[in-house]
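Asks: dropping a prediction and its sequence here:
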Amino acid sequence: MSTPVTLEAIRRAPKVLLHDHLDGGLRPKTVIELAEAVGYQELPSTDEATLAKWFRDAADSGSLVRYLETFAHTVAVMQTKDALVRVASECAQDLAADGVVYAEVRYAPELFEAGGLKLDEVVSALTEGFEQGSAAAESAGHRIRVGALLCAMRQNDRALEIAELAVRHRDAGVVGFDIAGPEDGFPPTRCQAAFDYLRDSNAHFTIHAGEAYGLPSIQEAVARCGTERIGHGLRIADDITVAEDGSVTLGRLAAYVRDRGIPLELCPSSNLQTGAAESFEKHPFGQLAGLGFRVTVNTDNRLMSGCTVSSEFDKLASTFDYGWDDIERFTLNAIESVFLDLDERTALIEDVIKPAYAALRA
Ligand SMILES: O=c1[nH]cnc2c1ncn2[C@H]1C[C@H](O)[C@@H](CO)O1
Ligand SMILES: [Zn+2]
């Protein structure tokens, strides 16, 4: 008898997370304690449950720009080395406890300079935190490996500097690069020099595109910048036409993205909050998965969405009636898309993922 697909069983299944923001995943208790330690007075509440609800409600704004305003509070308490180490360590432990075996966690180093830390010190502190957290998780019986993605904020015009930082740290905890922040008005080609530099350096990157802006953003990210993966990318559905008789036609861009197997880092709960999708039922995840796009399941911001990777899988499974075969397929989609070398990927697939899903189906 196959194990029923429940939230509890999904939590025990090995999962791979490609799109999770460090500053969107703090524990509410940690936000409160760090704020107290540095004398930050602007928190909307110092009660854990009230603060957790405040983040979810404020992020549930229907606009990416308003959603992003909530990060002022988490970023404010992440300005010292100790705070960074703690936040990264807890992140690794929380993901491991949720059954994540490999995560690429992203953050923007340029946001953590206000307390006097240099960019390289920020990255070293966070790498130390991820390592500490992974060691603690292993002692608690959950094995996880965390790689960092360095984001440049689209509005700050520091992309090349951050890309160089990512390359400097690529053998020390950093696996790639991304651009984040407001999408409308900040097209990916504004950061073209950074992407050209990364390609010349054989370094990996993904690009947030097709979340708060549509097809032109995805087109630039793929065709001009040469992105390996697309952060969100759900608006690729705008290039898919379904006729009255149910027949489906893909436009050139959608066909290219699907046929090249370009991974989509989908984050349904976040999309509901920013107004990119109306509901789980209407989220393009189901359509894209059905058409053979390389879809993956992600959290984006666990604090702002009150979610985990397991809860996202659970909601998708109940909405689209997915079983273990589907959950394993999305997990394999993710591990095939990571910025790790082939040996490490293969070891995770053969030694961890496949045996676990075979057991769940048995
Ligand atoms: O979904 C998102 N789209 C664009 N930017 C985002 C999203 N979620 C978080 N960010 C921003 C806010 C964070 O401060 C920054 C780096 O993690 O990335
Ligand atoms: Zn994101």
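Replies: Looks like it came in fine. Ligands and ions are numbered 1, 2, ... in the order given.
Asks: tell me what the helix ranked longest in the chain is packed against?
Replies: The longest helix of the chain (DSSP state H) is helix 119-139. Here helix 119-139 touches helix 81-97, strand 145-153, helix 159-168, going by 3 or more CB pairs under 8 Å, 6 or more residues apart in numbering; DSSP states H and E. In short, each C-beta sits where N, CA and C put it, glycine included.
Asks: ok, Leu51 - contacts?
Replies: Contact analysis of Leu51 by CB atoms under 8 Å, 6 or more residues apart in numbering lists 28, 31-32, 43-45.
Asks: quick revisit: I'd like the helices and strands packed on helix 119-139 laid out as CSV, including mean neighbour count and distance to Leu340.
Replies: As requested, the helices and strands packed on helix 119-139 are exported to CSV (neighbours: other CB atoms under 10 Å; distance: least, CB to CB, whole Å):
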stretch, mean neighbour count, distance to Leu340
helix 81-97, 22, 16
strand 145-153, 24, 7
helix 159-168, 20, 15
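Asks: as CSV, those with mean pLDDT and distance to ligand 1 would be great.
Replies: Shown next, in CSV, are those (pLDDT from 0 to 100; distance: least, CB to the nearest ligand atom, whole Å):
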stretch, mean pLDDT, distance to ligand 1
helix 81-97, 98, 12
strand 145-153, 98, 5
helix 159-168, 98, 11
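Asks: follow-up on the earlier one: for the contacts of Leu51, pick the one with the most neighbours.
Replies: Val31 (25 neighbours; other CB atoms under 10 Å).
Asks: and the one helix or strand it maps to, how far out from the chain's middle?
Replies: Following DSSP states H and E, one finds Val31 within helix 28-38. How far helix 28-38 lies from its chain's middle: 24 Å, per CA atoms, centre = their mean, to the nearest Å.
Asks: check stretch 20-40 too.
Replies: 19 Å.
Asks: dump it to PDB, keeping only the CA atoms.
Replies: C-alpha atoms of stretch 20-40 as PDB (Å, rounded to 0.1, in the frame of the first residue of the first chain):
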ATOM      1  CA  ASP A  20      14.000  30.800  -1.100                       C
ATOM      2  CA  HIS A  21      15.000  34.300   0.100                       C
ATOM      3  CA  LEU A  22      17.000  34.300   3.400                       C
ATOM      4  CA  ASP A  23      15.600  37.700   4.500                       C
ATOM      5  CA  GLY A  24      12.100  36.400   3.800                       C
ATOM      6  CA  GLY A  25      12.400  33.300   6.000                       C
ATOM      7  CA  LEU A  26      13.300  34.500   9.500                       C
ATOM      8  CA  ARG A  27      11.600  32.900  12.500                       C
ATOM      9  CA  PRO A  28       9.300  35.600  14.000                       C
ATOM     10  CA  LYS A  29      10.900  35.000  17.400                       C
ATOM     11  CA  THR A  30      14.300  35.700  15.900                       C
ATOM     12  CA  VAL A  31      13.100  39.000  14.300                       C
ATOM     13  CA  ILE A  32      11.900  40.100  17.700                       C
ATOM     14  CA  GLU A  33      15.000  39.000  19.600                       C
ATOM     15  CA  LEU A  34      17.400  40.600  17.100                       C
ATOM     16  CA  ALA A  35      15.400  43.800  17.100                       C
ATOM     17  CA  GLU A  36      15.600  44.000  20.800                       C
ATOM     18  CA  ALA A  37      19.400  43.400  20.700                       C
ATOM     19  CA  VAL A  38      20.100  46.200  18.300                       C
ATOM     20  CA  GLY A  39      17.400  48.600  19.600                       C
ATOM     21  CA  TYR A  40      15.300  48.500  16.500                       C
END
